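In: please work out how this folds:
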Amino acid sequence: MSFSPTIVSPLPPGSNSTDASLVHPAATVIESLSEAARGRWDDFVEAHPDGTFFHRTGWRSVIEQAFGHRTHYVYARRGDQITGVLPLVHLNSRIFGSALISNAFCVRGGPLGTDRESVELLRQYAMDEMDRLGAERLEFRLDGPSGAPGWLSRSDVYANFRRPIGADDDQNRKAIPRKQRAVIRKSLENHLDASYDPDVRGFHRTQDLRGERPQSRDSGVSAEIFSAARR
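Out: All right, here's what the predicted structure looks like:
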């Protein structure tokens, strides 16, 4: 099943971007992610029906270590329970400007919560941070509409796909696009094996041999990304 994640961003100041009738419970607080809370955050994402790989805390380390961008990972808490999470990244570039994105370098993200109040508090936190940092825009990369009045929406920027994996290998292969299926078939005909190696350098040496520019800058960046993700 194909789908296009939706980018949503608040309208300019003065527009109707909040619901004045919404009252937040006083017991719900927003806190920055600490090392001690990472396990509870990931457990929340795993249990939430809309949680994705890109909501997990590991992306914070990848973005900070491989790209050098500042992150603002915050969660909503009511008592001892996490009720929402928001992975937020501040991109500040002379070329592309200043933006807060959830989640940067990913096709999914945005506030994830168990109730409307928690989601709205996380959304408001992001808007406040946009003002505090002087960012030019705020993006939530969602699977579908934002559900918030007064937000601009685009669904033609990013795309990914998802489908169940069946028990029949032939049926799974037929679901793969023709060119990619030919690559898989060739690897099977040549009896290639897949193996796991915690050292990513071997993978990227192979990637450099395949590229038009050996030891290219792009492959070096990718190596840092995979190394950070491995940690």
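
In: so where's the chain uncertain?
Out: Counting by pLDDT under 70, the chain contains low-confidence residues at 1-26, 144-149, 155-162, 200-231.

In: and if we set it to 90?
Out: The model of the chain has pLDDT under 90 over residues 1-28, 50-54, 58-70, 79-80, 91-111, 116, 123, 127, 130-131, 134-231.

In: residue ranges of the strands in it, please?
Out: 2-3, 6-10, 28-32, 70-71, 74-78, 81-86, 89-93, 97-102, 112-113, 137-142, 151-154, 160-161 (DSSP state E).

In: could those strands go into TSV alongside mean neighbour count and distance to Gln171?
Out: For glycine as for every other residue, the C-beta is placed from the backbone atoms N, C-alpha and C. Compiled in TSV, the strands of the chain are given as follows (neighbours: other Cβ atoms under 10 Å; distance: least, Cβ to Cβ, whole Å):
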stretch	mean neighbour count	distance to Gln171
strand 2-3	10	18
strand 6-10	21	31
strand 28-32	14	46
strand 70-71	17	41
strand 74-78	22	40
strand 81-86	23	36
strand 89-93	17	38
strand 97-102	20	36
strand 112-113	24	33
strand 137-142	22	31
strand 151-154	15	34
strand 160-161	12	16
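
In: just put those in CSV and tack on distance to Glu129.
Out: Below are those laid out as CSV (distance: least, Cβ to Cβ, whole Å):
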stretch, distance to Glu129
strand 2-3, 28
strand 6-10, 12
strand 28-32, 11
strand 70-71, 11
strand 74-78, 9
strand 81-86, 10
strand 89-93, 8
strand 97-102, 6
strand 112-113, 17
strand 137-142, 8
strand 151-154, 16
strand 160-161, 27
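
In: which one of those lies closest to Arg185?
Out: Closest approach to Arg185 among those is made by strand 160-161 (20.1 Å; Cβ to Cβ).

In: mind checking how far Asp80 is from Thr71?
Out: Shown here: Asp80 relative to Thr71, a distance of 24 Å by Cβ to Cβ, to the nearest Å.

In: oh sorry, the question was meant for Ile82
Out: Distance of Ile82 to Thr71, computed by Cβ to Cβ: 18 Å.

In: quick one: the helices in this protein?
Out: For the chain, applying DSSP state H gives helices covering 38-47, 58-62, 116-133, 169-174, 178-189, 201-210, 217-230.

In: wait, Arg163 sits on Asn172?
Out: No - taking contacts as Cβ atoms under 8 Å, Arg163 lies outside contact range of Asn172: 9.1 Å.
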